[in-house]
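Visitor: what would the 3D arrangement of this be:
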Amino acid sequence: MLNLTQLEILVKVVESGGFSGAAKSLYMSQPAVSNHIRNLESSCGVQLVHRTSQGAQATPAGEVVVEHARRIFEIVDSLQRAVSDYRGLGGGRLVLAGTTTLGTYLLPRLVADFAARAPKVACQIRVGNEDVVESWLIRGEVALGLCIDPPREEKLLSEAMFEEAMVLVAAPGSPLVGRPLVAADLADQRFLMREMGSATRRLQESALRSWGLEGVEQWDLWGPDTLKESAHQGLGVALLSEHATSREIGFGMLAELTVDPPPPTRTVSLVRRADRVLTPPEEVFVALVRAVAEWPADRRRSVPDAG
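Guide: Have a look, this model is predicted:
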């Protein structure tokens, strides 16, 4: 059977023009070099080296083997460089997932910070609901996920990171704007709801129960952007993440309503498979998220080192 050591010795014999020169460069004895060449020739079934008084030369078959051996060593070198990238931040890939709000509004900010620390690492962001993100994690398609609800799969680990508030928004011209409200003031309002399976939808339903408003009119819509635009057009009120609505509120496209009791907060958690060994890029990203005490601002933040 061929092995890399025999191929390396053959290349050295041909390049140095003899067995003694190859033995010297490889720090081996000449008999050991000769023995390896004989074993290689036996495995190939052909003579690979002419032994002459002028030294050793490759036979036509030997030239073919040497050419292929050099290609093999190039591939091995490339493989070693590629693998070494995963021992640091000189390359590799970071694949992340987030639920709709987190993947759309939080992950890009965190990845921007990570990319400043590791510009050679390719990053990918996937967005889906809680069930989809969990399935990606279980199948190993993504390394890390940002979610709201605790994972249902026992194979997944969840680490709480920080809290975010929910806000009730309406069109700027709504008569509800600019005055303190209690739950009874919302009884005749249409509530714009996220799709089933969304973590935000479950929190919206919980808020309605806490306000005693389970029977209000509800419209099911898809995604936070649809809810925001619908609220802006006066189609109803929407309970959404403070971060998903901050720009629209800042630009006057939506108005935040003040309700007593206020909407609940929710916990942002980092989720991964329990048996996954993290790569250096993944370890750095985990350290970055752990250093976030609250949802990061738009400005560029410093990124923690892997250690």
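Visitor: Lys171 is in contact with Gln233, isn't it?
Guide: To be clear, residue 171 is Ala; Lys isn't right here. Yes. Between Ala171 and Gln233 a contact is recorded at 6.9 Å, counting by C-beta atoms under 8 Å. Every residue, glycine included, has its C-beta placed from N, CA and C.
Visitor: measure the residue of the chain most remote from its centre to Val64 for me?
Guide: Distance from the C-alpha centroid of the chain, by C-alpha atoms, centre = their mean, peaks at Ser53 (61.6 Å). Distance of Ser53 to Val64, given as C-beta to C-beta, to the nearest Å: 25 Å.
Visitor: got it, and Arg71?
Guide: 11 Å.
Visitor: looking at the two, which one has more neighbours?
Guide: Between Arg71 and Val64, counted using other C-beta atoms under 10 Å, the more crowded position is Val64 (14 against 10).
Visitor: beyond the strand or helix carrying that one, next helix or strand please.
Guide: Per DSSP states H and E: Val64 is located in helix 60-85. Scanning forward in sequence from helix 60-85 by DSSP H and E, the next helix or strand is strand 93-98.
Visitor: tell me which residues in that following strand are buried?
Guide: By 16 or more other C-beta atoms under 10 Å, the buried positions in strand 93-98 come out as Leu94, Val95, Leu96, Ala97, Gly98.
Visitor: helices or strands up against the helix or strand following that strand?
Guide: Toward the C-terminus, strand 93-98 is succeeded by helix 100-101 as the next helix or strand (DSSP H and E). Identification of packing neighbours for helix 100-101 by 3 or more C-beta pairs under 8 Å, 6 or more residues apart in numbering; DSSP states H and E yields helix 199-210.
Visitor: the same query, at a cut-off of 6 Å, please.
Guide: Using 3 or more C-beta pairs under 6 Å, 6 or more residues apart in numbering; DSSP states H and E as the contact test, no helix or strand touches helix 100-101.
Visitor: who touches that helix?
Guide: For helix 100-101, the external contacting residues (C-beta atoms under 6 Å, 6 or more residues apart in numbering) are Val127, Pro224, Ser241, Ala244.
Visitor: follow-up on the earlier one: a markdown table please, covering the buried residues of strand 93-98 and showing distance to Ala22 and pLDDT.
Guide: Compiled in a markdown table, the buried residues of strand 93-98 are given as follows (distance: C-beta to C-beta, whole Å; pLDDT from 0 to 100):
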| residue | distance to Ala22 | pLDDT |
| --- | --- | --- |
| Leu94 | 44 | 89 |
| Val95 | 46 | 91 |
| Leu96 | 50 | 95 |
| Ala97 | 53 | 94 |
| Gly98 | 57 | 92 |
